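Visitor: The following comprises the amino acid sequence and a computationally predicted model.
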Amino acid sequence: MNERPFNDYSYQQFLNEGKIMGSKCKKCGALALPPRPICVSCFGSQMEWVQFKGDGRLAAFTSIVVAPPPMAKEGFGRNNPYIVGVVELTEGPKVVARIIGVDAKKPEQTKVGTPLKAEFLQKGEGDSKQTSLAFKP
Amino acid sequence: MLRKKKLARGVAIVGGGLTKLGLFKDRNSKDFFAEAYTEMIGSVDKGIDPGDIEAIYIGNFTNDFFVNQGHWGPIISDLVGHVPKPVTRTEGACASSALAFREGVFAIASGFYDIVLVGGLEQMSKRTTEEVAEGLAMAASPYEVATGFTFPGVFGTTATAYFAKYGASREDLFNVTIKSHNNAPLNPKAQFPMTIRDFMNARIERCRQKGEPIPNWKDERDFLRDPLVNPPIAWPMHLFDCCPISDGASCMLLVAEEMARKFTDVPIYVAGIGQGSGYSLHAKENLTSFEATRAAAQEAYEMSALKPEDIQFAEVHDCFSIAEIVHLEDLGFYKPGYGYKAVAEGAIRLDGPKPINTSGGLKTKGHPVGATGVAQLYEVWVQLRGKAGKRQVPNPNLRVGGAHNLGGTGGTCTFTILERR
């Protein structure tokens, strides 16, 4: 696993394996999720993999009513909105993800600061099977 | 390390043109640009021989997608009779033509050219709303798109983060919308030259004609609270928080400072010009601020030796109502967390101490994305020349105005300060 390049493809591979993996700069220790090949804190390029626990809090969110075509194909839209948000992980970095287990039709009830735990959503079948990151209270 | 930013020689604006914005099924991008260009040539007080224009910089985001035609530079050069002069297209999403303006300024400042045409265009009405949304999402970050974010969705997160941090609410966003719509009828080029009251009256009239129950909204805020007329798009962004889809073109004539008075007795000078880049949403340190705007503003203030309080009025990128509030803070006009309070107090109304979006802003004037940057600068230029008609800022000593343009979800931002001397 240590030989995988620090890029989006590896990040996705790890997600498919049920792991949230990011990079840690060997020079300054800065964490990045998804992983980065170059450290934006010190410009270092020596990285190591770090596994994130998947605990965090909701930093910002929105309930999307007018859905983009790929989400509309999954049945989301005006009568079936969905929530996406920014989650601040306990390790520090933030990620964008679907927020599930909350009522997207009553977004005013969802609160910034809510503690969340990672879930892995499965989409597609066979070769097109892909895992995406979601969080729920 | 850092040094004070400076142009090697000054640059002045001596002409400008902007189409009426809206949806025009029977006209194309060339028609729009020709209209803006013709106005621009006619606006040069002492006249210009168009043959003296040496180079063109043209901003366009993605007509490639919207009308299946790329490579807009030579199309425009050909259209306005400037082949074989050099033409360069710039792309910075919704800030595309602010980048064209900036490249034009640098081309003159370097000494290479004396007279340059800059502008922008976008034709969005050939596509359905869903397709336009998909096209615009090309300017979001790959992580956001993969997660299911839309443009209104990204700014929706800005709003929920801002609300939680500072105690603001949707009611505070209404103030931005009502203010912009109050300016709109004063701008003959606006796509929606209507106040919120006008929308209410039009709706009531329609219900009366159809024999439907007459809505009894108490006031504008009550209207904006009604989900039947102001439905959610990406909560808390509702229809009246979002700018429309528009067609249009804009252009300006830039010349070297020392020759400006050959063209007009009222040249408007570039006092400061800044540009910055920004992170994807998840990588932002602060979810209620745009680092690209802060960097652009710092550069422009540094070059001009002006401070935020010196900017008498400005066009501020209001693709969504929350964007205007947050950028008022990022430009240094108000402290973080105070933008929404200033708006509530009427500070940015046309008759307030710092009028913002006198044009009506993107919300009411329209937002043909590639044309917007220069369209904003056009408004500042018109105001500084005292030619804004009914929407003229009521200040007899109007000298300094700013234009802030944002591309994508904040990935590219510019701030330009113009000055009348």
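Guide: Perfect, thanks for sending it. From a predicted model like this one, the values you see are computed outputs, not experimental measurements.
Visitor: List the contacts of the nearest residue to residue B:214 once chain neighbours are set aside.
Guide: Closest residue to residue B:214 apart from its sequence neighbours, by Cβ to Cβ, 6 or more residues apart in numbering or on different chains: residue B:207 at 5.3 Å. Quick note: C-beta positions are derived from backbone N, CA and C, even for glycine. Counting by Cβ atoms under 8 Å, 6 or more residues apart in numbering or on different chains, residue B:207 touches B:213, B:214, B:215.
Visitor: and residue B:207, helix, strand or coil?
Guide: State at residue B:207, reduced to three classes by DSSP: H, G, I helix; E, B strand; the rest coil: helix.
Visitor: Next, work out how far apart it and residue B:213 are.
Guide: As judged by Cβ to Cβ, to the nearest Å, residue B:207 and residue B:213 stand 7 Å apart.
Visitor: what pLDDT does the residue nearest to residue B:214 get?
Guide: In this model, residue B:207 is scored at 95, pLDDT.
Visitor: that older thread, and the contacts of residue B:207, which is closest to residue B:80?
Guide: Nearest to residue B:80 among those is residue B:215, at 48.5 Å by Cβ to Cβ.
Visitor: Pretty sure that closest one sits against residue B:226.
Guide: Yes: contact criterion Cβ atoms under 8 Å: residue B:215 and residue B:226 qualify, at 7.2 Å.
Visitor: what number of residues lie near residue A:96?
Guide: 25 (other Cβ atoms under 10 Å in any protein chain shown).
Visitor: give me phi/psi at it?
Guide: Dihedral pair for residue A:96: phi -100, psi 140, per degrees, to the nearest 10.
Visitor: Tell me what it is bridged to.
Guide: residue A:86 (DSSP bridges).
Visitor: Quickly find the element holding the residue in chain A that chain B sits nearest to.
Guide: At 2.9 Å from chain B, residue A:62 is the closest residue in chain A, using Cβ to the nearest Cβ. According to DSSP states H and E, residue A:62 maps onto strand A:55-64.
Visitor: can you redo the contacts of residue B:207 as JSON lines with neighbour count, secondary structure and pLDDT?
Guide: Shown next, in JSON lines, are the contacts of residue B:207 (neighbours: other Cβ atoms under 10 Å in any protein chain shown; DSSP: H, G, I helix; E, B strand; the rest coil; pLDDT from 0 to 100):
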{"residue": "B:213", "neighbour count": "8", "secondary structure": "coil", "pLDDT": "93"}
{"residue": "B:214", "neighbour count": "10", "secondary structure": "coil", "pLDDT": "94"}
{"residue": "B:215", "neighbour count": "14", "secondary structure": "coil", "pLDDT": "95"}
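Visitor: sorry, back to before: what residues are up against the residue of chain A closest to chain B?
Guide: Contacts of residue A:62 (Cβ under 8 Å, 6+ apart): A:83-85, A:107, B:149, B:152-154, B:156-157, B:159-160, B:234-237.
Visitor: Which one of the residues you listed is nearest to residue A:22?
Guide: residue A:85 (18.4 Å).
Visitor: near chain A, which residues of the stretch 201-350 of chain B?
Guide: Proximity of the stretch 201-350 of chain B to chain A (Cβ under 8 Å from any Cβ of the partner chain) is limited to residues B:231-237, B:280-284, B:287.
Visitor: among those residues, who's most crowded?
Guide: Going by other Cβ under 10 Å, residue B:237 tops those with 31 neighbours.
Visitor: Tell me, how many residues neighbour the nearest residue to residue B:355 once chain neighbours are set aside?
Guide: Leaving out its chain neighbours, the residue that sits closest to residue B:355 by Cβ to Cβ, 6+ apart is residue B:313, at 4.3 Å. Neighbours of residue B:313 under the rule other Cβ under 10 Å: 24.
Visitor: picking that back up, okay, and which of the contacts of residue A:62 map to helices?
Guide: In this view, the contacts of residue A:62 that belong to helices under DSSP state H are B:152, B:153, B:154, B:156, B:157, B:159, B:160.
Visitor: What residues sit buried inside the lowest-mean-pLDDT helix or strand in chain B?
Guide: In chain B, no helix or strand scores lower on mean pLDDT, DSSP states H and E than helix B:129-137, which sits at a mean of 87. Neighbour counts over helix B:129-137 (16 or more other Cβ atoms under 10 Å in any protein chain shown) mark B:132, B:133, B:134, B:135, B:136, B:137 as buried.
Visitor: Could I have the CA atoms of the helix or strand just after it written out in PDB?
Guide: On the C-terminal side of helix B:129-137, the closest following helix or strand by DSSP H and E is helix B:142-147. In PDB, the C-alpha atoms belonging to helix B:142-147 read as follows (Å, rounded to 0.1, in the frame of the first residue of the first chain):
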ATOM      1  CA  PRO B 142     -13.600  18.000  -9.200                       C
ATOM      2  CA  TYR B 143     -14.200  17.000  -5.600                       C
ATOM      3  CA  GLU B 144     -17.300  19.200  -5.300                       C
ATOM      4  CA  VAL B 145     -18.800  17.900  -8.600                       C
ATOM      5  CA  ALA B 146     -18.100  14.300  -7.600                       C
ATOM      6  CA  THR B 147     -19.900  14.800  -4.300                       C
END
